[in-house]
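Engineer: Test case, fold it:
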Amino acid sequence: MNTHAAILVAVMAAVTMLLRFLPFLVFRKKTPPYIAYLGEVLPAAIIGMLVVYCLKDTAVTRPPFGAPELIAGLAVVGLQAWRRSSLLSILGGTAIYMVLVQTVFVA
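Structural biologist: Prediction:
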């Protein structure tokens, strides 16, 4: 194994863990209200940003007129409403989208 790659992965893992644990270390006794507020609103805001980013290059003026994105998006919403599982919704929507663009809506 490449030593440089192993060191790089180890450093990235350590930084990620530090960033995840830092709020718990800093706010051991009481979490400030603004941090609790951000913890409540940021996940939905981030999901919204990801949806906008994923759909920004969708061509709705030429075939297939955004149909794969629409179908996969509806599948994600349906799976989420049915099972309340983010992992299932994301994996299911991704699988449906990939099947559609590879087999049904082939350019």
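Engineer: For I35, give me its contacts.
Structural biologist: 23, 27 (CB atoms under 8 Å, 6 or more residues apart in numbering). (Each C-beta comes from the backbone N, C-alpha and C, glycine too.)
Engineer: Please state the mean pLDDT value computed over the helix or strand hosting it.
Structural biologist: Under DSSP states H and E, the secondary-structure element containing I35 is helix 33-55. Averaging pLDDT along helix 33-55 yields 92.
Engineer: where does this protein have low pLDDT?
Structural biologist: 1 (pLDDT under 70).
Engineer: about what we covered before: give me the next element, helix or strand, following the helix holding I35.
Structural biologist: Elements were assigned by DSSP H and E; along the chain past helix 33-55, the next helix or strand is helix 67-83.
Engineer: and that following helix, C-alpha only, in PDB?
Structural biologist: These are the backbone C-alpha positions of helix 67-83, laid out as PDB (Å, rounded to 0.1, in the frame of the first residue of the first chain):
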ATOM      1  CA  ALA A  67     -38.300  12.800 -16.900                       C
ATOM      2  CA  PRO A  68     -35.600  10.600 -15.300                       C
ATOM      3  CA  GLU A  69     -34.900  13.200 -12.600                       C
ATOM      4  CA  LEU A  70     -38.600  13.700 -12.000                       C
ATOM      5  CA  ILE A  71     -39.300   9.900 -11.800                       C
ATOM      6  CA  ALA A  72     -36.300   9.300  -9.500                       C
ATOM      7  CA  GLY A  73     -37.300  12.300  -7.300                       C
ATOM      8  CA  LEU A  74     -40.800  11.100  -6.900                       C
ATOM      9  CA  ALA A  75     -39.400   7.700  -6.000                       C
ATOM     10  CA  VAL A  76     -37.300   9.300  -3.300                       C
ATOM     11  CA  VAL A  77     -40.300  11.100  -1.900                       C
ATOM     12  CA  GLY A  78     -42.400   8.000  -2.100                       C
ATOM     13  CA  LEU A  79     -39.900   5.800  -0.400                       C
ATOM     14  CA  GLN A  80     -39.300   8.400   2.300                       C
ATOM     15  CA  ALA A  81     -43.000   8.700   3.000                       C
ATOM     16  CA  TRP A  82     -43.400   5.000   3.000                       C
ATOM     17  CA  ARG A  83     -40.500   3.700   5.100                       C
END
